[in-house]
Structures are given as structure tokens and as C-alpha cells.
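Pasted the sequence and its predicted model underneath.
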Amino acid sequence: METFLNHVTATDLVAIGLGLALLVLGRRLFWLALAGVGFLAAVVLTRQLLADAAPLVQLALALGAGLLGAFVAVTAQRLALSFGGFVVGAFGAAWGLQTFAPDLGNWILPAALVAGVLGVLLAHSLFEVALVVVSSGAGAALVAGASGLTPPKDLWLAVGLFVVGLVAQSGGDKAPRRKSD
């Protein structure tokens with residue numbers, strides 16, 4: 001532990017704090033998950049591309065990328081998710097129906113529109129699962145990367161933290177339903 005404390009940087013401390021928050025809160029705070037992923041990517045890139053830069057410059061760039069990720073998440077999340085789900089559902093249904101049931105004629109368009117709406121609903125329901133996996137992975141990578149452990153210990157730490165993140169975020173955070181009187 002003493003060697004870790006001797007070599008810890010401000011970037012490492014931010015990475016550990018952000019990583020732990022992602023492991024526990026990534027699904028609930030989508031903007032935090034994308035901020036963490038942006039921060040992680042920027043930390044890796046600045047350490048490789050700007051190795052000679054001052055640690056504060058590296059930290060500032062990583063925090064800037066994290067804030068940009070959070071901004072994009074907040075402004076575009078719902079719209080992009082809905083659009084993608086609709087397009088995949090509608091075009092997938094139209095293609096499938098034209099291929100396997102070409103006799104439907106004018107009914108293909110209404111069927112494609114219904115499939116588009118179902119695609120939106122499916123995208124929003126699968127989004128939660130994907131967010132848990134991505135935020136757990138990013139959180140585990142941030143903490144393990146900043147831990148100062150050498151391979152394969154850092155990998156084992158990351159795998160363990162990934163599982164902890166999956167369990168923590170998949171837990172029952174929904175309030176129990178109250179019975180009507």
C-alpha cells in the first residue's frame with residue numbers, strides 16, 4: 001500500500017473515485033457513465049500521446065473529455081436511442097416482410113411503422129442492460145488501471161470489480177409496490 005501511496009497522482013485519485021462511482025451508480029447516472037468512459041479514454045490517450053506533458057495538463061484534458069461525454073449523454077441520449085430503435089425496427093421489418101412476405105403489398109408500411117415503435121421500446125429496455133455492462137466495465141478499468149498493480153493482478157482486480165459492479169447495479173433498486181387498500 002505504501003508504494004501505491006508514493007506513486008499516486010491526481011489523475012489516479014480521480015480515476016479511482018470515478019471508477020467506484022461508475023461501479024455502483026453507472027446505470028442510474030447515465031451521464032456519469034459516459035463521463036467516465038470519456039475520462040478513461042482521455043487518460044489512456046494522454047498517457048500515451050502526451051507522456052511528457054505535465055500531470056495537470058493530462059488531468060485537465062481527461063476531465064475535459066469526461067465533461068464532453070457527460071454533455072453529449074445528457075443532450076442526445078433519448079433522441080439517439082429512440083431514433084436508432086425506430087430505424088432498426090422499421091427497416092428490419094420492411095426488409096424482412098419484403099423478403100419473406102412480398103404479397104403484403106400496402107400493409108408493409110403500417111407493419112414497418114409498428115415494428116419501428118416496438119424497436120424504440122426494445123432499445124429503451126435493452127439500454128439498461130447495456131448501460132450496466134458498460135459502466136461496470138469502465139469503472140473496473142478505471143480503478144484497476146490506477147491501482148498500480150502489475151499484470152495479471154490488475155486484470156484479476158478488474159474482473160472482480162466488474163462482477164461487483166454488475167451485482168451492485170443489477171440489485172433491486174426499485175421500490176416495492178404497495179398494495180391498494
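Here it is on my side, so go on. Numbering: from 1, shown residues only.

What residues of the host helix or strand of Gln169 count as buried?
Using DSSP states H and E, Gln169 sits within helix 153-170. Across helix 153-170, burial judged by 16 or more other Cβ atoms under 10 Å covers 154, 157-158, 161-162, 164-166, 168-169. Heads up, the C-betas are built off the backbone N, CA and C, glycines and all.

what packs against the helix or strand harbouring Gly85?
According to DSSP H and E, Gly85 maps onto helix 55-100. Applying 3 or more Cβ pairs under 8 Å, 6 or more residues apart in numbering; DSSP states H and E, one finds that helix 55-100 contacts helix 10-25, helix 30-49, helix 108-146.

Sketch out the low-pLDDT regions of this structure for me.
Scanning the chain for pLDDT under 70 picks out the ranges 1-7, 29-37, 73, 172-181.

change it to 50
Where the chain drops to pLDDT under 50, the residues are 1-2, 175-178, 180-181.

coming back round to it: quick one, the helix holding Gly85 and helix 10-25 angle?
Counting by axes from the mean of the first three to the mean of the last three Cα atoms, to 10 degrees, helix 55-100 lies at 40 degrees to helix 10-25.

Pick out the residue nearest the middle of the protein.
Val134 (3.8 Å; Cα atoms, centre = their mean).

That one and Leu23 touch, don't they?
No - if you go by Cβ atoms under 8 Å, Val134 and Leu23 don't touch, sitting 11.8 Å apart.

pretty sure Ser82 is touching Ala123, no?
Yes - judged on Cβ under 8 Å, Ser82 makes contact with Ala123 at a distance of 7.1 Å.
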